[in-house]
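# What follows is a predicted protein model with its sequence.
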Amino acid sequence: MRDKILYIIGAAAVILLARDLYLITGFPPERNQGVIFKIIFFHVPMAITALTCAMVAFLSSILFLITKNFKYDALAVAVTEVGLAFLAGNLITGSIWGRVAWGIWWTWDARLTSALVCWLLYAGYLMLRNAIEEPTQRATFAAVFSIFAFIDVPIVIFSIKWWRTQHPQPVFWGGGSFPPDWKAVFGWQMLAVLMVGVVFTMVRLRQEEFQREIDSLRRMAHAL
Amino acid sequence: MAFVQQVLVVMAKDLRAELRTKEAINASLSFALVVLLLFSFAFDPSEETTREISGGLLWIVFAFAGTLLLNRSFARELGNDCLDALISAPIPGSALFLGKALANYVLVLAVELIALPLFGVFYNVRWTSQFWQLMMVIALATWGMTVTGTIFSALTVNIRLREVMLPILNFPILIPALLGAMQLTSALVAGTPITAANDSWLKMLIGFDVMYTAVSVFLVETVLVGG
């Protein structure tokens, strides 16, 4: 059953992505920035997917601490890894855009810096997990750290915003204008990238469950 | 006020243990000195440049030297299973945590207050013109550093690569606090008092301290028993 859902979501995501890609290449280049502007169709959805992942990781970490059910721990690690990958994608696409638009790969602008700090926070989460052998301890400590990290995200964003801002104002809420047909494609693209995130998470979740089963079988074998 | 008394007992015990051996505080102090010395090779230590980047320099020294102290906080209890004894002692985990955090706070502050005048002497910087405001910033940011450092010290005490994991976990979390502290310290060392233009950093520091103290006190029981 779960496999079927996974395949359906995956297939739908692939179809949507192909359709969006076809439409996006058909759009005329943006007036000031040219073709590179279209990277926004990947850049922004990846950022929002990564943020969604962080939120899910936070919630499942809290649920793990309350219920002690390892399902939530598996979900937390799966979603954190996927979120980290999407955030890396966001940073890389942003960097490519910056090279073309600003002429530099990287600048210590507010959004870039806070995205990097968030990446480091969640990379620390995965490193912490790697350093702990015992499953209960690993799950508990990782959950505690995930809560600490998620609380830090808004503080990081606001403090670095006060520090400096160079990133272009967001097109959607910051007064920029986006033609309606672009907006529609953007919405579908958003959904497609989120679906890719869901599929990745489900695959990773299954892997985590198998890993747990293997570990318990190994322990049984050692006990014999 | 049994709780306060329990906190103070744990704090006094930690301070006594440290001040009798002085192992962590000596290591931390000499490390701070070495880093202060290394900075003189990194840039031309004229008064102007130094003043401009003083906040960054000082807080890098404080954060690194502080980490050495914080690492020892729970690691010290590993021998003879002292940590298990502390956890099974009839006091709440939050009292144990706050006691340890306060002891660390005193030690880290002590190292900072020795390193600060040394920095002034080495780099020929007059840093005392906004003395009390500077002390307030140091007090606030150090508490933020200590409170997350102490809880992560408990988190990492039993795991592999303990010494490496503490800074890897603590520094990214601390970035907002360190950023605020660096901005304010640079301004204060240069002689500009805190005004309405930069007091949002101060508010952020206070918010950081309050929030992480609350979350740490709330979660410390889970951390201590979860191991």
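Yep, it's here.
# and the residue of chain A nearest chain B?
Ranked by Cβ to the nearest Cβ, the top residue of chain A for proximity to chain B is A:Thr140, at 3.4 Å. Heads up, the C-betas are built off the backbone N, CA and C, glycines and all.
# Contact partners for that residue?
A:Thr140 is in contact with A:64-65, B:222-223, B:226-227, counting by Cβ atoms under 8 Å, 6 or more residues apart in numbering or on different chains.
# Let's see that with 10 Å instead.
Contacts for A:Thr140 (Cβ atoms under 10 Å, 6 or more residues apart in numbering or on different chains) come out as A:61, A:64-65, A:68, A:73, A:132, A:134, B:155, B:219, B:222-223, B:225-227.
# Kindly report the same for B:Phe41.
Applying Cβ under 10 Å, 6+ apart to B:Phe41 gives no contacts.
# Please identify the residue of chain B positioned nearest to chain A.
Closest point on chain B to chain A, by Cβ to the nearest Cβ, is B:Gly226, at 3.4 Å.
# State the helix or strand in which the nearest residue to that residue once chain neighbours are set aside lies.
Excluding the flanking residues, the one nearest B:Gly226 by Cβ to Cβ, 6 or more residues apart in numbering or on different chains is A:Thr140, at 3.4 Å. With elements taken from DSSP states H and E, the one containing A:Thr140 is helix A:135-163.
# need the next SSE after that helix, C-terminal direction.
The helix or strand immediately downstream of helix A:135-163 is helix A:180-223, counting by DSSP H and E.
# contacting residues around B:Gly56?
So B:Gly56 contacts B:39, B:178-179, B:181-183, B:185-186 (Cβ under 10 Å, 6+ apart).
# same deal with A:Ser216?
A:Ser216 sits next to A:Pro135 when contact means Cβ under 10 Å, 6+ apart.
# State the distance from it to B:Val111.
Distance of A:Ser216 to B:Val111, given as Cβ to Cβ, to the nearest Å: 47 Å.
# And for A:Ile157?
Taking Cβ to Cβ, one finds A:Ile157 at 31 Å from B:Val111.
# Please say which of the two ends up with more neighbours.
Ranked by neighbour count (other Cβ atoms under 10 Å in any protein chain shown), A:Ile157 and B:Val111 place B:Val111 first, with 23 against 17.
# pLDDT score assigned to that one?
Note for B:Val111: predicted pLDDT of 95.
# Tell me which residues of the helix or strand where it lies come out buried.
Element membership of B:Val111 [criterion: DSSP H and E] is helix B:93-122. Within helix B:93-122, the residues scored as buried using 16 or more other Cβ atoms under 10 Å in any protein chain shown are B:93-105, B:107-109, B:111-112, B:114-116, B:119-120.
# Over to stretch A:67-77?
Neighbour-count burial for stretch A:67-77, counted by 16+ other Cβ under 10 Å, picks out A:72-77.
# likewise stretch A:24-40?
In stretch A:24-40, counting by 16+ other Cβ under 10 Å, buried: A:24, A:37-40.
# quick one on the thing from earlier: any idea how far A:Ile132 is from the residue nearest to B:Gly226?
Noted for A:Thr140: a distance of 9 Å to A:Ile132, by Cβ to Cβ.
# ok, now how distant is A:Leu59 from B:Gln133?
Distance check for A:Leu59 against B:Gln133: by Cβ to Cβ, it reads 40 Å.
# which non-adjacent residue is nearest A:Leu116?
A:Leu91 (6.7 Å).
# What segments of chain B are helices?
Taking DSSP state H as the test, the helices found in chain B are B:2-21, B:23-42, B:47-75, B:82-88, B:93-122, B:131-156, B:162-189, B:199-226.
# A:Leu84 against A:Ala54, yeah?
Yes: counting by Cβ atoms under 10 Å, A:Leu84 does reach A:Ala54; the two are 9.3 Å apart.
# list the residues that contact both of those two?
Shared contacts of A:Leu84 and A:Ala54 (Cβ under 10 Å, 6+ apart): A:118, A:121-122.
# Including pLDDT, neighbour count and secondary structure, could these go into TSV?
As requested, those are exported to TSV (pLDDT from 0 to 100; neighbours: other Cβ atoms under 10 Å in any protein chain shown; DSSP: H, G, I helix; E, B strand; the rest coil):
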residue	pLDDT	neighbour count	secondary structure
A:Cys118	91	25	helix
A:Leu121	92	24	helix
A:Tyr122	93	24	helix
